[in-house]
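K.L.:
Give me a 3D structure for the following:
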Amino acid sequence: MRIEKLSYHNHVTGWQLAPMEFGTVNLLVGVSGVGKTKILEAIISLKEIALGKQLNGVEWDITFSTSGDERYIWGGKFSILPESHYTVNQSGEKKYLKIENNEAKLERESLYLNNDLIASRNGLNIEFGGKAMPKLSPSESLIKIFMAEDAFMPIINGWLLVANSYAQHSNLWLGSSLHDQIWGLSLSDIKNPNSTLVDRLGLLFINYPEEFNKIKFALMEIFPQVEDLRILRQSVKSQGLEKPFIVFSLEIKEVGVDEWITQSNISMGMLKTLIHITEIYLTPEGSVMLIDEFENSLGVNCIDVVSDLLNKQKDVQFVITSHHPYLINKIPMQYWKIITRKGSLVTATNATDYEELSGSRHKVFTQLINLPAYTEGIQVG
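P.N.:
Okay, the predicted model is just below:
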C-alpha cells in the first residue's frame, strides 16, 4: 500500500491537517508541538475506521494505491455526538475522547477505484456498484461492510500493512508461544507483522539463516563489541496439549566476555536498534511503517547505519517524525516534509519547495534550522 495524499479533520478537537502529499520516505520535521505525531495518529485512525471503528466527528479524504496498482480515493465524515455522549479529559494540548455510547454515524462516505465510484453513502442510503443496498450498518465504513467483496480485498490487505514501529510497543518485542509448524515457512509467512520481534527472528534463524545473518551483521556493524547474536529455542510441554509449544529468546555474545548476555540484560538502546534493523529487513512488501521520534534511544552510530538501510528500502513506505539534527542531516532533503501549524491547522510542505534550501547536505540542514517556517512553526490562529 502507498499513501499518496491525505487530509484529516477532527471536528471535536478542532485539529486539522491540510491536504498533504506523501512519497516513499517521508521525514516529518518541525519544532515540538507542531503536529508531527498527530499525522501518524491520523493514519492509524483511518486504519481503525477501515476495519470498522467509529471515530466521533472525524472527517477525511485519502488517496492511496495497493500492490496491484489500483488507485483509490476514500473520503467520509462521522457525525458529532452530543456532549452528553462523550467525556473530554484535557492534558496540556491533548484531548482524549471517550465515547460512552457507540452512536457515531457516518454522514457521508465515498470510495473511488481508478476514478470510478464503486460505493457511496449519504446518511442511511448506501449504494454499491450503482445499486441501492438494503439497510446496513450506519457506523461501519464501506470498506468494513463490503470487505468480503473481491474489489475490497486489496483495500483490507493494504490497511492491515499499516503499522507503528515495534520500538514503541515493548510488549511486541518478546517471544510468544508458537504451536504451529515452524519449519518450511516461506519468507512472506515470517514477515507477518502480527508476530513478535523475537518470533520473527527465531523463524528466520531456523528457515533462512543467511537472511538472519544480514540482520546480525548489521547489528555487529553498529555495536563492534557484539561478537555474535543467536536465537534459543525451547520446547515446552503443557498439560492438555498433545504437542509441545515453542518459545524463542535471543542472546548476544560480547568480545572478551565468556557468558552470553540474555535478552532481559541487553541494553534498551541495543534492543531498539535491533528492532529497527529487523523491521527494515522483515517488513512485508507494500507496508506503511510509521516511526515516531526515530532517534529515540539510538546513538549517533546507530542512526548512521539504520538510516542508510532505510534509504535502500524501495518496497516499504516510511512516515517518520524527528527533530534530531543529525538524523535530519542523514536523510536526503527530497524526503523532508516541513510541518507548520497555525492555530489548529497543520500544513506539510516539501522542503524542495523552498528556494532558500540548496547546496550540500550540511549546508541545506543549516539553512533548514534557520528557515522561518521551521523556527516559527507554530502560529496563533
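K.L.:
Could you count how many residues lie near the spatially closest residue to residue 340 that is not a sequence neighbour?
P.N.:
Excluding the flanking residues, the one nearest residue 340 by CB to CB, 6 or more residues apart in numbering is residue 377, at 4.7 Å. Backbone N, C-alpha and C define where each C-beta goes, glycine included. Residues lying near residue 377 (other CB atoms under 10 Å) number 23.
K.L.:
same question, residue 33
P.N.:
The tally of other residues near residue 33 (other CB under 10 Å) stands at 13.
K.L.:
any idea how far residue 262 is from it?
P.N.:
Going from residue 33 to residue 262 by CB to CB, to the nearest Å gives 40 Å.
K.L.:
residues contacting residue 37?
P.N.:
292, 293, 321 (CB atoms under 8 Å, 6 or more residues apart in numbering).
K.L.:
from these, which has minimum pLDDT?
P.N.:
Note: of the contacts of residue 37, the lowest pLDDT belongs to residue 293, at 83.
K.L.:
Quick one: the strands in the stretch 51-200 of the chain, in order.
P.N.:
58-65, 71-78, 86-91, 94-99, 106-113, 116-122, 125-128, 131-132, 162-164, 177-178 (DSSP state E, counting those that start in this stretch).
K.L.:
Dump the ones you listed to a markdown table, plus mean pLDDT.
P.N.:
Shown next, in a markdown table, are the strands of the stretch 51-200 of the chain (pLDDT from 0 to 100):
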| stretch | mean pLDDT |
| --- | --- |
| strand 58-65 | 97 |
| strand 71-78 | 97 |
| strand 86-91 | 52 |
| strand 94-99 | 46 |
| strand 106-113 | 97 |
| strand 116-122 | 97 |
| strand 125-128 | 96 |
| strand 131-132 | 96 |
| strand 162-164 | 90 |
| strand 177-178 | 60 |
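K.L.:
picking up where we left off before, and which of the contacts of residue 37 is nearest to residue 244?
P.N.:
residue 292 (38.4 Å; CB to CB).
K.L.:
follow-up on the earlier one: hmm, the residue nearest to residue 340 is touching residue 346, no?
P.N.:
No. With contact defined as CB atoms under 8 Å, residue 377 does not reach residue 346; the gap is 9.7 Å.
K.L.:
Could you tell me which residues touch both of these two?
P.N.:
34, 339, 340.
K.L.:
The last one and residue 196: what is the separation?
P.N.:
Which is residue 340. Distance from residue 340 to residue 196, by CB to CB: 38 Å.
K.L.:
secondary structure class for residue 259?
P.N.:
Reduced to three states with DSSP: H, G, I helix; E, B strand; the rest coil, the structure at residue 259 is coil.
K.L.:
Now it: phi and psi?
P.N.:
phi -90, psi 150 (degrees, to the nearest 10).
K.L.:
rewinding a little: and residue 218, which of the strands of the stretch 51-200 of the chain is closest to it?
P.N.:
The closest of the strands of the stretch 51-200 of the chain to residue 218 is strand 162-164. By CB to CB, the value is 20.6 Å.
K.L.:
Just checking: what are the partner strands of the closest one?
P.N.:
Using DSSP bridges, strand 162-164 pairs in its sheet with strand 288-291 (parallel).
K.L.:
And the contacts of the partner strand?
P.N.:
In contact with strand 288-291 (CB under 8 Å, 6+ apart) are residues 1-3, 40, 43-44, 161-165, 167, 276, 279, 283, 316-321.
K.L.:
And the strands in the stretch 251-381 of the chain, which stretches?
P.N.:
Using DSSP E, counting those that start in this stretch, strands in the stretch 251-381 of the chain cover 261-262, 288-291, 317-322, 336-342, 345-350, 378-379.
K.L.:
Sheet-wise, list the partners of the last one with their directions.
P.N.:
Under the criterion DSSP bridges, strand 378-379 sits next to strand 336-342 (parallel) in its sheet.
K.L.:
Many thanks, have a good one.
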